[in-house]
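> my questions are about this predicted structure, shown below with the sequence.
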Amino acid sequence: MTTNPSLLTPYKNTGAQSSSLRQISEDAFYVVNEVVTKRLGHIPILKGDLHVLPYKVQRFIAEKAELCRPRGIYICDGTHAEAEEIKDKLVERGMLTQLSAYENNYLCRTDPKDVARVESKTWMVTTDKYQTVTHTAEGVEPIMGHWMSPLDFGEELDSRFPGCMAGRTMYVIPFSMGPVGGRLSKIGVQLSDSNYVVLSMRIMTRVSLDVWEALGDNDFVRGIHSVGLPRPVKSAVVNHWPCNPERVIIAHRPAEREIWSFGSGYGGNSLLGKKCFALRIASNIARDEGWLAEHMLIMGVTRPCGREHFIAAAFPSACGKTNLAMLEPTLPGWKVRCVGDDIAWMKFAEDGKLHAINPEAGFFGVAPGTSNKTNPMAVGTFQKNSIFTNVAETSEGRYYWEGLEDEVEGKNVQITDWLGKPWKLGDPTPAAHPNSRFCAPAQQCPIIHPDWESPNGVPIDAIIFGGRRPTGVPLVFETFGWEHGVFTGASLKSETTAAAEHTGKQVMHDPMAMRPFMGYNFGKYLDHWLSLDKPPHQVPKIYHVNWFRKDANGKFLWPGYGDNIRVIDWVIRRLDGEEGIGKDTAIGVVPAPGSLNLEGLGEVNFDELMSVPRDYWQSDAKEVRKFLETQLGSDLPNAIQEQLTSQEKRINAL
Ligand code: GTP
Ligand code: SPV
Ligand code: MN
């Protein structure tokens, strides 16, 4: 099984002496291909035919098989039969449990040590540090972008990847982000030794052999993922969920369009099409190609008069994107249709309008809080063909989590919590993990937009930023223009949630809702946004919302969910130029008294909800200035600096 090293030279010199990053040279490949072919006698192809794949893909697989040494290679075709086969195997092994009350729904419990994205172990690898991070003030740690040098990265890889798939199958997952062959779509190939990842990627992306044809001369994004637990396994595997929490690393090489992920099987750590590709790598591609890759939902909103508007909205993780994207309006005659719930790729088209596609094919949504009352359309989506991770289960074969208290049928229902222990209402610990998720095909959404797979995307009329802001921040405001809107996005803050490993509820900066997903220098990213406002582009108006403002007793001031349509109504009337519905404040235009449709709502303290308290905003302005200046240093765009100053002036004049 040894390889003649001379066949593997020359290595592409990345500055690192890493054996993991060793590449087979073009010239040597034909020879190596034979060697690899021979080697594949030792590493059998369990399914599919390596030699019908595009040459560059063969190379990629050969290289990584050589490195990770799986027991076999399984080339996924994306068919139904394939999913059935894998599912049956996982049920037999105990990794998946069928939720018998539904059609083809499964429960998966992870090792409790592997339940969320791990930002502290997520890196961007670039030769120049400042391609990744900003020139922060001395002693200030950059919070956007986490840089690792190629040299260190090589060492990290070498201590993890060689032989990491021993005894496991290496799945080759060909997938498209966006409709296969679409103008805005991109292709990826993920290698993974996790069959949970295969099943989830099939839902979240378009896994299909058609991808090879669409690839043509284009390049593809390379993903290498391992749970990091070669066989024979030396430590106990909890819940049949192999992982290696102590050794987790999720690293990106944007220049090479490459992602390496080790040690975790969970969500954004392992479904590499999502945050790693569609945000961190794609934002690099987007900058090069003049478009945007953002952490945004996309929704179509049709008014009673029949006119439709499209809105893209960026909220940090677990702050309400999925809920807004599938909102069931409480106002009569309104219709919302969902295009996407998490990521938007947006590009100006020839008509001058910003067009957006949802690069994903499924929803990986927060389970707790999702119910027929709050989000009936999400519930409708995951009644079949879905995977639930770290939720609780009832004795009737149903899923259960916080927020479903009123929907458990029958008094004698027993509940087993996400850890597999008996659980009853009133117990001090939650039944489901706060970051438990449903993974469901988007096409099953009862209100999926008919154009959701349109290769040209949908035209965006407005962009909304928002976060969890318990105090000071009004329900909604319109920014004064593109630059002020970008400034508002750059100043975005939110209470932390269970979607990442932070503890406690603290209000943190999350610029553009992209803090954990920034693919390059945040100052350059802002420059890119600012540069888009030029003819013939018609930039959308930018808004800010906050569903989470609380009163003195800690109660939400706004009912939220389906009633958020009332805010959208105001936004659309503003887009239409309706007069007399806006009131200028220091931070933007809020609804004038009486301009928000509150009909049929109980008591709402409108004044408190819309207030812009001077003291709060004065100290906020100081904090934001300090944040932007110390975080961005010389990378802070002039336009943002000017916005900072003029906003301060307006606040001081309050
Ligand atoms: P990610 O998938 O992590 O990116 O999250 P997301 O932004 O899609 O958030 P999601 O819609 O899943 O909502 C997260 C949590 O916020 C859920 O528990 C919701 O019930 C809650 N939530 C969503 N919208 C509202 C709202 O309008 N008001 C209140 N109070 N809570 C909301
Ligand atoms: C988020 O955390 O913003 C998510 C979930 O959408 S994950 O895919 O785990 O990143
Ligand atoms: Mn998200």
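Sure, I can see it. Ligands and ions are numbered 1, 2, ... in the order given.
> what kind of secondary structure is the residue nearest the centre of the chain in?
Of all residues in the chain, the one closest to the mean position by Cα atoms, centre = their mean is Lys275, 4.4 Å from it. The three-state assignment at Lys275 reads helix, by DSSP: H, G, I helix; E, B strand; the rest coil.
> tell me how far it lies from Thr389.
Applying Cβ to Cβ, to the nearest Å, the value for Lys275 to Thr389 is 16 Å. Every residue, glycine included, has its C-beta placed from N, CA and C.
> got it, and Trp123?
On the measure of Cβ to Cβ, Trp123 and Thr389 end up 24 Å apart.
> and if you look at Asp288?
34 Å.
> what residues does the stretch 51-200 of the chain put near ligand 2?
By Cβ under 6 Å from any ligand atom, the residues of the stretch 51-200 of the chain that approach ligand 2 are Arg117.
> just the closest residue of the stretch 51-200 of the chain to ligand 2, please.
At 4.7 Å from ligand 2, Arg117 is the closest residue in the stretch 51-200 of the chain, using Cβ to the nearest ligand atom.
> run through the bridge partners of that residue.
Ala500 (DSSP bridges).
> wait, it sits on Thr497?
No. Look at Arg117 against Thr497 with Cβ atoms under 8 Å: they stay out of range, at 10.9 Å.
> joint contacts of those two?
Ser317 (Cβ atoms under 8 Å, 6 or more residues apart in numbering).
> show me which of these two is the more surrounded one.
Arg117 (23 against 17; other Cβ atoms under 10 Å).
> residues touching that one, list them.
Contacts of Arg117 (Cβ under 8 Å, 6+ apart): Tyr266, Gly267, Gly268, Asn269, Lys275, Ser317, Ala499, Ala500, Glu501, Pro516.
> same deal with Lys275?
Contacts of Lys275 (Cβ under 8 Å, 6+ apart): Arg117, Gly268, Pro516, Phe517.
> likewise Gly306?
By Cβ under 8 Å, 6+ apart, Gly306 lies in contact with nothing.
> same question for Glu82.
Glu82 makes contact with Lys47, Cys76, according to Cβ under 8 Å, 6+ apart.
> of Trp123 and Thr389, which one has the most company?
Legend: neighbour count by other Cβ under 10 Å for Trp123 and Thr389, higher for Thr389 (26 against 22).
> show me what contacts the more buried one?
Thr389 is in contact with Leu107, Cys108, Arg109, Thr110, Tyr266, Gly267, Ser436, Arg437, Cys439, counting by Cβ under 8 Å, 6+ apart.
> Serialize these to TSV and add fields for secondary structure, distance to ligand 1 and neighbour count.
Conversion of the contacts of Thr389 to TSV gives the following (DSSP: H, G, I helix; E, B strand; the rest coil; distance: Cβ to the nearest ligand atom, whole Å; neighbours: other Cβ atoms under 10 Å):
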residue	secondary structure	distance to ligand 1	neighbour count
Leu107	strand	19	22
Cys108	strand	17	22
Arg109	coil	20	26
Thr110	coil	16	24
Tyr266	coil	12	27
Gly267	helix	9	23
Ser436	coil	10	27
Arg437	strand	8	26
Cys439	strand	11	26
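> and for Pro254, the neighbour number?
Look at Pro254: counted by other Cβ under 10 Å, it has 22 neighbours.
> just the ones of the contacts of Lys275 in helices?
Gly268 (DSSP state H).
> domains in this protein, by residue range?
Following the assignment in automatic domain parsing, the chain carries domains at 121-289, 294-361+451-652.
> most tightly packed of the ones you listed?
Among the domains of the chain, domain 121-289 has the highest mean neighbour count (mean count of other Cβ atoms under 10 Å), at a mean of 21.
> helices or strands up against whatever helix or strand Ala356 lives in?
Assessed by DSSP states H and E, Ala356 sits inside strand 354-357. In terms of contacts (3 or more Cβ pairs under 8 Å, 6 or more residues apart in numbering; DSSP states H and E), strand 354-357 is packed against strand 335-340, strand 344-348, strand 458-459.
> identify the residues contacting the first one?
For strand 335-340, the external contacting residues (Cβ under 8 Å, 6+ apart) are 296-302, 310, 325-329, 356-360, 377, 442, 445, 447-452, 458, 565.
> let's go with 7 Å and repeat that
Residues from elsewhere that reach strand 335-340 (Cβ atoms under 7 Å, 6 or more residues apart in numbering): 297-302, 325-327, 329, 358, 360, 445, 447-449, 452, 458.
> run the chain-centre distance for that strand.
18 Å (Cα atoms, centre = their mean, to the nearest Å).
> again, but for the shortest one
Centre-to-centre, strand 458-459 and its host chain are 20 Å apart (Cα atoms, centre = their mean).
> now stretch 322-332
With Cα atoms, centre = their mean, you get 21 Å for stretch 322-332.
> how about the CA coordinates for that stretch, as PDB?
Taking Å, rounded to 0.1, in the frame of the first residue of the first chain, the C-alpha atoms of stretch 322-332 are listed here in PDB:
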ATOM      1  CA  THR A 322     -36.900  30.700   9.300                       C
ATOM      2  CA  ASN A 323     -39.900  32.200  11.100                       C
ATOM      3  CA  LEU A 324     -40.100  35.300   9.000                       C
ATOM      4  CA  ALA A 325     -39.400  33.400   5.700                       C
ATOM      5  CA  MET A 326     -42.500  31.200   6.400                       C
ATOM      6  CA  LEU A 327     -44.600  33.800   8.200                       C
ATOM      7  CA  GLU A 328     -48.400  33.200   8.200                       C
ATOM      8  CA  PRO A 329     -49.900  36.600   8.100                       C
ATOM      9  CA  THR A 330     -52.400  37.600  10.700                       C
ATOM     10  CA  LEU A 331     -53.600  40.400   8.400                       C
ATOM     11  CA  PRO A 332     -56.400  39.200   6.000                       C
END
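> anything in it near ligand 3?
No. Counting by Cβ under 5 Å from the ion, ligand 3 is not contacted by stretch 322-332; separation bottoms out at 8.3 Å.
> do that stretch and ligand 2 meet?
No. Applying Cβ under 6 Å from any ligand atom, one finds stretch 322-332 separated from ligand 2 by no less than 8.5 Å.
> and for that stretch, what's in contact with it?
By Cβ under 7 Å, 6+ apart, stretch 322-332 touches 297, 299, 313, 336, 338, 340-341, 363, 365-366, 374-378, 445, 447, 561-566, 569, 597.
> how deep is the closest residue to ligand 1 within the stretch 351-500 of the chain tucked in, by neighbour count?
Nearest residue of the stretch 351-500 of the chain to ligand 1 (Cβ to the nearest ligand atom) works out as Gly369 at 2.5 Å. Residues lying near Gly369 (other Cβ under 10 Å) number 19.
> that concludes my questions; thank you for your assistance.
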